[in-house]
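> Quick one: sequence and predicted model below, then my questions.
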Amino acid sequence: MFQIAQKFTLIGLALMVSACGATFDYDALRQQNGEGSSFSAELGRAYKKFAISEHDDMVDLIDGAHFGEKAQQAFANQAVAPEKVADWWLTKDQQETFKGARERLVHILDRHAKNQLPKVAAAAQLNFDCWIEQREENWQLDDIAKCRSGFYGAVERLEEMAALASSRYLPVANKAHFIPARQTLISPRSAFETRTYTLHFSFDEAVIGKVGKDQIDHVIEAYRAGAPVAILLAGHADRAGKKPYNLNLSRQRSEAVRRALIERGIPVQMIAAQAFGESRPKVATADGFKEPANRRVEITVGPAPAL
């Protein structure tokens with residue numbers, strides 16, 4: 001529930017539920033969907049989905065109305081800020097955690113992330129708000145973990161894209177290895193909407209298969225159509241095998257894709273690669289489990305921020 005001062009007023013609680021929740025026009029919200037793929041539109045859709053879930057699934061009229069109002073503000077192209085930590089009932093340690101997370105979020109959003117990866121930026125903000133709301137309620141542990149994971153995953157992706165734009169080198173997992181992007185990335189030649197692609201690999205292999213080659217074709221088409229200035233590769237492995245081996249395997253997969261792109265004419269300075277081993281699974285599994293969805297290289301193609 002939002003706003004500490006409003007929350008535990010015993011006399012006014014019932015009135016607050018009626019005023020804040022029952023009178024909010026959810027039917028109107030359901031009809032709104034925003035236009036295009038701008039940050040405001042993506043943020044509005046994210047808040048809309050969360051607000052309706054709070055109302056329909058959780059019967060939380062107060063938070064549903066609160067986040068519904070944020071959705072409407074976003075759809076109206078109004079500035080919508082992440083939740084203020086002071087407005088939520090948290091322990092001192094929790095406050096410090098959320099203050100740091102919010103500062104990190106605001107910093108990356110201010111570094112052109114809203115324009116470069118609007119959907120990911122919107123997911124980062126929504127998941128922060130979801131995380132702080134769920135943490136205050138503190139009883140749906142799975143939802144707390146899901147929102148927290150969604151927040152950090154989105155923020156890390158935004159930070160990776162910003163690092164690609166501002167550095168000649170990108171650190172791979174555990175900062176022990178580097179794959180160079182040999183020249184500083186140039187400025188965008190034209191507007192381009194960021195796109196993502198995923199190549200999957202057979203077990204214990206770093207060879208690009210037929211489906212993967214088709215994905216490479218899509219990346220080449222995107223490059224030729226929109227002149228992106230940044231291609232970020234992130235290699236991954238499943239949890240079958242030891243961590244050092246999987247880190248190296250994910251690096252080999254990322255490097256295989258990098259070579260394939262260079263062979264198809266993408267300038268080497270446009271590409272940077274990272275490897276994460278088994279540390280960022282698409283599908284959570286037990287240690288030692290073979291999971292095809294986790295054997296992958298994720299490709300992010302898009303313009304670099306004007307730094």
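Alright, I've got the coordinates.
> low-confidence ranges in the stretch 101-250 of the chain?
For the stretch 101-250 of the chain, applying pLDDT under 70 flags the ranges 163-192, 226-229.
> ok, which stretches of it are helices?
For the stretch 101-250 of the chain, applying DSSP state H, counting those that start in this stretch gives helices covering 114-116, 118-137, 141-166, 210-226, 243-263.
> Select, out of those, the one closest to Asp27.
Asp27 lies closest, by Cβ to Cβ, to one member of those: helix 118-137, at 21.8 Å. Any C-beta I mention is one placed from the backbone N, CA and C, and that applies to glycine too.
> nearest residue to the residue nearest to the spatial centre of the chain other than its sequence neighbours?
Centre of the chain computed as the mean C-alpha position; nearest residue by Cα atoms, centre = their mean is Ala154, 2.1 Å away. Leaving aside its chain neighbours, Ala154 sits nearest to Ala124 (3.7 Å; criterion: Cβ to Cβ, 6 or more residues apart in numbering).
> for Ala123, same thing?
In space, Ala123 is closest to Ala154, 4.5 Å off (Cβ to Cβ, 6+ apart).
> tell me the contacts of the one you found?
Ala154 is in contact with 120-121, 123-124, 127, counting by Cβ atoms under 8 Å, 6 or more residues apart in numbering.
> how about 7 Å then?
Neighbouring residues of Ala154 by Cβ atoms under 7 Å, 6 or more residues apart in numbering: 120, 123-124, 127.
> and what of Ser202?
Gly209.
> Give me the phi and psi for it.
phi -70, psi 160 (degrees, to the nearest 10).
> same deal with the one 3 residues further on?
The main-chain torsion angles of Glu205 are listed as degrees, to the nearest 10 and equal phi -130, psi 160.
> Near it, how many other residues are there?
13 (other Cβ atoms under 10 Å).
> ditto for Gln95
So Gln95, with other Cβ under 10 Å, has 14 neighbours.
> Break the protein down into its domains, please.
Following automatic domain parsing, the chain resolves into domains at 4-164, 169-302.
> Just give me how far the longest one sits from the chain centre.
Spelled out, that is domain 4-164. Chain-centre distance of domain 4-164: 14 Å, with Cα atoms, centre = their mean, to the nearest Å.
> For the residue nearest to Ala123, give its distance to Ala272.
Distance, Ala154 to Ala272, by Cβ to Cβ, to the nearest Å: 19 Å.
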